[in-house]
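predicted structure and sequence below. I'll ask about it afterward.
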Amino acid sequence: MISFTVSKELADQTIISCLKKRFKTTSLSLIYKLFRNKKIKINGENVRYYHHRLKGGEKIEIYDNYLQLSNQTIYPLSNTKIYFEIIYEDKNILIALKEHGITMPSLDNAVRNYLAKKNPTEYQRQVENYFVLTAVHRLDKLTKGLVIYPKNPLAKKILYKLIGDKSKITKKYLAHCEKSPKNSLPNYISGYLSKNSQEQKMEFSWQPTKPQAKFCALEVKKIKKESNYQILEVTLHTGRKHQIRSILSYFNCPIIGDQKYGSKIIIQNKIYLLAYKIIFVDLQVRKTR
């Protein structure tokens, strides 16, 4: 028999989700078979539903001698040094500044390495409780900007709930565009984005042109205008792939360096788009260092 107690980090997830993480080398069909054969109990009672939501302090018992708990270890620290600046950090969240040309998986690994070196004991504790540190939103490889990382399961749960609510978390960008728009650029732009599979990019339209088209919306404010470029502040209302790049290209003012969307200026691994500001609205965060 294998038994373990549900920690507060494991609480509020389904039992099937917990077991899949804990027994990574065990086939899913075998885990379901254990449920059917009443080999899994919580506090001495048979579990009837795969999606039973766990509570802290519950005792899980598994009556099978062949299951082996997967060993949880700290992620191996990469020798590749990826630079990122920490803009803000407390016990719950970390905000990193991603550089141009860095992919999100690479940044995720760099932040994990930083936290593992900073506090190995705490990091190991989180890993043992099946918490995988990842950002709650993404940036394109060519874009520079701020990225939010939750440092524990509770922060992750809260941030994932808030990140889609633009009234709670607002993200602003600065876009350096190489041309003036073909028409007057509206302050508020809404429409639809569809994928052009042949050219591997997104296309903006005022009305849906394809069944998979997704609604998008953003605000635009002119910050500076010169004869050969302009700077725009963009506030997101939706978080679609290549949303800013596609919409500005539609208005004939592509981001400098963004050749995929019409820029004539060639820059290696970089476009002039910066996710420069994140606004938390009425969110209580106590800063500790």
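Perfect, I can see it now.

going by C-alpha atoms from here, please, whenever you check contacts or count neighbours.
Will do.

which helix or strand in this protein has the lowest average pLDDT?
helix 120-128 (a mean of 79; mean pLDDT, DSSP states H and E).

CA-only coordinates of that one in CSV, if you can.
The C-alpha trace of helix 120-128 is given here as CSV (Å, rounded to 0.1, in the frame of the first residue of the first chain):
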residue,chain,number,x,y,z
PRO,A,120,17.3,25.7,-3.1
THR,A,121,15.2,24.4,-0.1
GLU,A,122,12.1,26.4,-1.0
TYR,A,123,12.5,25.6,-4.7
GLN,A,124,12.8,21.8,-4.0
ARG,A,125,9.7,22.0,-1.7
GLN,A,126,7.7,23.5,-4.5
VAL,A,127,8.9,20.9,-7.0
GLU,A,128,8.0,18.1,-4.6
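
distance from the chain centre to it, please.
21 Å (C-alpha atoms, centre = their mean, to the nearest Å).

does anything pack onto that helix? Which helices or strands?
helix 104-118 (3 or more C-alpha pairs under 8 Å, 6 or more residues apart in numbering; DSSP states H and E).

now the helix it packs on: mean pLDDT?
For helix 104-118, mean pLDDT rounds to 90.

what angle do helix 120-128 and that helix make with each other?
130 degrees (axes from the mean of the first three to the mean of the last three C-alpha atoms, to 10 degrees).

what's helix 104-118 packed up against?
helix 120-128.

quick one: buried residues of the helix it packs on?
123, 124, 126, 127, 128 (16 or more other C-alpha atoms under 10 Å).

and if you look at stretch 82-95?
89, 92, 93, 94, 95.

what's the answer for stretch 258-267, then?
For stretch 258-267, by 16+ other C-alpha under 10 Å, it's 258, 260, 261, 262, 263.

which SSE is residue 216 in?
In this assignment (DSSP states H and E), residue 216 forms part of strand 214-225.

the stretch 151-289 of the chain: strands as residue ranges?
Using DSSP state E, counting those that start in this stretch, the strands of the stretch 151-289 of the chain run over residues 169-177, 188-196, 201-205, 214-225, 230-236, 273-280.

ok and the third one relative to strand 188-196, angle-wise?
What separates the directions of strand 201-205 and strand 188-196 is an angle of 140 degrees, with the same axes, to 10 degrees.

residue ranges with poor pLDDT in the stretch 151-289 of the chain?
Along the stretch 151-289 of the chain, segments meeting pLDDT under 70 span 180-183, 283-289.

try it again at 50.
288-289 (pLDDT under 50).

got the residue ranges for the strands in the stretch 1-150 of the chain?
Counting by DSSP E, counting those that start in this stretch, the strands of the stretch 1-150 of the chain are 2-5, 40-42, 45-46, 59-62, 85-89, 93-98, 144-150.

just say which of these is most tucked in.
Neighbour counts (mean count of other C-alpha atoms under 10 Å) averaged over each of these peak at strand 144-150, with a mean of 23.

for that one, packing partners?
So strand 144-150, by 3+ C-alpha pairs under 8 Å, 6+ apart, packs with strand 93-98, helix 153-163, strand 273-280.

sweet, I'm off.
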